[in-house]
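Novice: compute the structure for the input listed below.
(chains A and B)
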Amino acid sequence: MAFSSLRFLIFFGCILALLSLRGGVRRKKILLAVGSCFFYAAWDWRYLFLLLIISVIDYGCGARIARTEDQRTRKLWLVLSIVSNLGILGYFKYFNFFIDNWNGFLAPLGWAIPYREILLPAGISFYTFKSMSYTIDIYRREIEPCRSQLDYTTFVTFFPELIAGPIVRASVFLPQMDRPIGPTRERLSSGLNLFLLGLTKKRVIADNVSTIVDPIFAAPQDYSSISVWCGVIAYALQIYCDFSGYSDMAIACARMIGYDLPENFDMPYLSQNPSEFWRRWHITLSSWLRDYLYIPLGGNRRGPLRTYANLMITMLLGGLWHGASWNFVLWGGLHGAALAAHRFFQRGARKLLPSWISIVLMNLFVLVCWVPFRSPTFAATGRVLRKMCFVGSAGAHFYPALLAPSLGLVIFGHVLGLTLANSPEASPWMRFFGVDVERNPISGWHAVLTAATVPSAFLLCFWALTIYFFSAIASSPFIYFQF
Amino acid sequence: MSTRARRIYTLVAGALLALLAMELVIRQSYTIAYSHEPGYGPIYTPGSTIRWSVEGRGVGHWTVHGLRGSAPPNLARDSLLVLGDSFTEAPMVYDDEVFPQQLEMRLGGRFQVLNAGRGMSSIADYVAYAPRHLGLFHPRWTIIELSDDDLGAGAWDDDEAAHLVREGAALKALPRVESPLTWYALSEEKHNPLRHVMLLRYAILRYVLSQHQPGEPPLFRAGTPPPRSAPPPPQMRYPVEEELQLAVDTYRGRVTLFYFSQFAPREPETERRTREACEAHGWSCVFLRQAFPALAGTGTAPYGFPNTAFNSGHPNRLGHRLAAELLEQEIERLTKRGLL
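Specialist: Numbering: from 1, shown residues only, chains lettered A, B, ... in the order given. Here you go, the predicted model:
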C-alpha cells in the first residue's frame, strides 16, 4: 500500500479511529503491531514471517546480551544477531548479484551456478538495519533491552517507516513506547500538514517530472545534450521529492499515531561540501553508517590514510546497500572519494569559495553522481555522461515545460522553509495566516497551518485541492521501495 | 458563537473560498462544454470555447454540428469535409494551428474546410455516420484522417463505440450505443447548474484518464514470480483492406485517406497494408511519412508537447503544419486531374 493511495488512507483512518478509542497502552500496542503486520502482509503475506523471525531473533539476542557480563558470550550473541540479519539481507538481495559476477568470471570454465527465483522482500534493507541497531546498542550498553516481545515487535514492524525508512533506531523509538499513544488535535494538525507536504513532493513534483526522466534515461543517445541535462536535473528533483516526500508522510503518520521519528532530509541541495551533503541527505542512513560502520572501522582516529580508506569503505558499502548493482557501488565510490578529497583539502585550509559557488559546484557533482544511480548499466551511464559532456550533442530537442515549475516549486519551498526555520516563534503575518511553528527534539521544526482562522483554512483546503488537480494522473512507485 | 460553531464556520468558509479560487485557476487552463446531438452523440457545445492544457496547450472554438470554428459555416460554399478523431479535433493546439484550418488558408479560400473531428472515432464512425455528414454538409470532397488505432481492432472491438460487424460477406458499420448515463451526459444536462463548474468537469476528466493508466507496477512487490512469458496469441488479422474499401465506397470515391504515420523508422503493419491498398486501387491517399525525410537530423518530431513527452501522444504544431502541406499538394493534384 503506497502512502499516496486511497487504500492506505482508508487503512490509516481505521488505525487512527481505533487508537482514539479508550484503552490501555498495551492494548494499543497490540493493535499497532497487528495493523503493521496487516500493512506488510498486504505486500506479500509470506514475507511477513521473515519480518517476525528477525524480530524474534533480535529480541532474544538482545535479552541474552543484556543478561550476561561475560564479554565473549555477549559478543557471540551480537554476532548471531548480525549474521542473521546480514545473512537474510545477503541472500534475498545479493545472492543473484553474486551469481551474476561469479558466472561472469567462471562460467567459461564450466563452473556456472544457476540463478534462483528470489524476490526482494519489501523494506528488507531498512528493517534489518533497524533491528541490528537494537542489538548493537545493547552490546554497547547504550540502551536497555525491551521489556517485552510485544514492544520489540511493535518497534520492528511499525508500519509508517517499515518499507522505506527513516531508519529509526531503538534508542530513539523505544523510550517513547511507554507514553500514551493515539491521535490528539495538535498531533493530527501538525501530522496532516506534514502529510500534505509529503504528498505534494511525491504526487505534484516527483510523479510529474518522472515523465521527463524515464524516456531520456531510456534512450539518451536520441536526445540533444541540453535535453539530457534537463533529464538529469529532473531526476535530481524526482529522487529528492520522492524520497523526502515519503519520509515526510512516514513521519506524519507516526506523529498522528503518537510517535516522533527523526528527520531524514534537511534541504540537501543547499550543501556546500560533501560532508554537509551527507549530514542533510538520508540522514538516518548516513548516521547509521557512521555509528555502526565508519566509527567501528576506526573513523578518523588512525591517521589520514586510514580515515580516507574508512570513508571509501563506508560509502562503497552504503552504495551497495541501495542495490545489488555495480552502478550503486560506483555511486557510493564517487561520494566516498569526494568525502575523502574534502577531508584532505579541509585540513588547515580556510574557506576558498563564496557559499553560493560552493553550492553550485556541490550540486553539479551530485547531479553527475545521480547518473550511475539512475542508469541501469555502466553502458547506459556512459551514454548519459557523454551527452552531458556534449559529445555527440545532436538529438531530439525536448525542453520539458514541467521542469521549470517543478524547480520553481522546490526553490520556493526551500525559501519558505529557510524563512520559517529562522523564526523562533510565529510572527504577526504568520499568526494572520494561522501558521504556527513547532519544534520537536526528535523530528525537528515544523510550520503548521492550524485552520484556526479563515485564511489558514483557505490555505489548507486550497493546498489539498492543488495536490489533487496538479498531481500526475499516473502514479510512479516510490523510488526507494526498490531498496 | 460557541467555539465549536466558530470552528465549523472557519473550516466551511475556508473550504468554500478555496473551491472558488481553484475554480478560477482551473478555468485559465481547462474549460469544456458538451452537448448531445440525438442520433450522433456528444459534441462540443456550439459557441463554446475549449481550453485544454492536459496535453499541449490550446484554445479552440466550436460551432454548430460539432464543427471547429468561430462562426457557423456557409454551407452554400464549396466545402472539403475533414473527418477524424482527436488528432483532427485537436483541442491541444490553437484554432489556426489545426491542419484543416491551415489547409483552408493554404488553399487561398477556394474551399471552405470543415473540421468535423471528434475524439475516440474510428473508421467505423466515419462509415456509420456518413448519411449525417453527407446530408448536413454536402461536401465536394471528404478527407478521412486515420492512424494505426482507427483501423483493425480499433474499429471492431468496442461494442459501445461505433464498430464494424460482418453480415454475411459484407462489412457493416454500427453507430455508437447512446447511453444516458455517460459521464459527459451527466455534466452537460441542460438545466444542471453544475455543468458550468469546471472544477467538477476537470475532476471527472482526471478520473476517466486515470482509469486508462496502468495499475501500480509490481516492481517493489515481493509477490508471486511472474509466469514465464507464454508466446503471444496469434494476432487476429483484421480486414483492413475491406474497411478502407467500405469507407471509399461510402463516400462514393470522393475521398482522400490521410494517414498520421508514427514517427518511427519502421512502418507498422496497418500502415503498410493501407499504403498497399491505396497503391493497388489508385485511391487518393496521403501519409505523413512522406514528410519524415525532411525531419531527419532536425531534432524535432511531429508528435508530443513540452508538458508531456517527446514524440508521443497527439500531433503538435509541426505535425499539423506538415499534414496541411501534404494535403495541400494532394488537393492541387486532384484539382489538376479535374476531380475537384
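Novice: nearest residue to residue A:80 in space, please, no chain neighbours.
Specialist: Leaving out its chain neighbours, the residue that sits closest to residue A:80 by Cβ to Cβ, 6 or more residues apart in numbering or on different chains is residue A:61, at 5.6 Å. The way it works is simple: take the backbone N, C-alpha and C, and place the C-beta from them, glycine included.
Novice: also residue B:39?
Specialist: residue B:132 (7.0 Å).
Novice: ramachandran coordinates for the one you found?
Specialist: With angles defined as degrees, to the nearest 10, residue B:132 sits at phi -70, psi -50.
Novice: please report how far it lies from chain A.
Specialist: 33 Å (Cβ to the nearest Cβ, to the nearest Å).
Novice: from what I see, that residue and residue B:43 are in contact.
Specialist: No: using Cβ atoms under 8 Å, residue B:132 is not in contact with residue B:43, being 11.3 Å away.
Novice: SS state for residue A:439?
Specialist: State at residue A:439, reduced to three classes by DSSP: H, G, I helix; E, B strand; the rest coil: strand.
Novice: cool, residue B:161 as well?
Specialist: coil.
Novice: am I right that it is in contact with residue B:120?
Specialist: Yes: here residue B:161 lies in contact with residue B:120, judged by Cβ under 8 Å, at a distance of 6.5 Å.
Novice: quick one: which of those two has more around it?
Specialist: Here residue B:161 and residue B:120 are set side by side on neighbour count (other Cβ atoms under 10 Å in any protein chain shown), and the busier one is residue B:161, at 19 against 16.
Novice: could you say which helix or strand contains whichever residue of chain A sits closest to chain B?
Specialist: Using Cβ to the nearest Cβ, the closest approach of chain A to chain B is made by residue A:457 at 2.4 Å. Per DSSP states H and E: residue A:457 is located in helix A:454-470.
Novice: and that helix, average pLDDT?
Specialist: The average pLDDT for helix A:454-470 rounds to 92.
Novice: can you list contacts of it?
Specialist: A:193, A:196, A:199-200, A:203-204, A:208, A:432-435, A:449-451, B:10-11, B:13-15, B:17-19, B:21-22, B:26, B:199, B:202-203, B:206 (Cβ atoms under 8 Å, 6 or more residues apart in numbering or on different chains).
Novice: for chain B, what helix or strand is lowest in average pLDDT?
Specialist: Lowest mean confidence among the helices and strands of chain B (mean pLDDT, DSSP states H and E): helix B:183-188, at a mean of 56.
Novice: and whichever helix or strand comes after it, how far out from the chain's middle?
Specialist: Downstream of helix B:183-188, the next assigned helix or strand under DSSP H and E is helix B:198-211. Relative to its parent chain, helix B:198-211 has a centroid offset of 18 Å by Cα atoms, centre = their mean, to the nearest Å.
Novice: return the set of buried residues in helix B:198-211.
Specialist: B:198, B:199, B:201, B:202, B:205, B:206 (16 or more other Cβ atoms under 10 Å in any protein chain shown).
Novice: which elements pack onto it?
Specialist: helix A:454-470, helix B:3-27, helix B:183-188 (3 or more Cβ pairs under 8 Å, 6 or more residues apart in numbering or on different chains; DSSP states H and E).
Novice: can I get the ones you listed in TSV with mean neighbour count and distance to residue A:65?
Specialist: Listed next are the helices and strands packed on helix B:198-211 as TSV, based on neighbours: other Cβ atoms under 10 Å in any protein chain shown; distance: least, Cβ to Cβ, whole Å:
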stretch	mean neighbour count	distance to residue A:65
helix A:454-470	19	46
helix B:3-27	15	51
helix B:183-188	17	62
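Novice: in a markdown table: these, plus distance to residue A:215.
Specialist: Output for these, formatted as a markdown table (distance: least, Cβ to Cβ, whole Å):
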| stretch | distance to residue A:215 |
| --- | --- |
| helix A:454-470 | 21 |
| helix B:3-27 | 28 |
| helix B:183-188 | 30 |
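Novice: so which of these gets nearest residue A:368?
Specialist: Among the helices and strands packed on helix B:198-211, helix A:454-470 comes nearest to residue A:368, with 30.3 Å by Cβ to Cβ.
Novice: got the angle for the closest one vs helix B:3-27?
Specialist: 40 degrees (axes from the mean of the first three to the mean of the last three Cα atoms, to 10 degrees).
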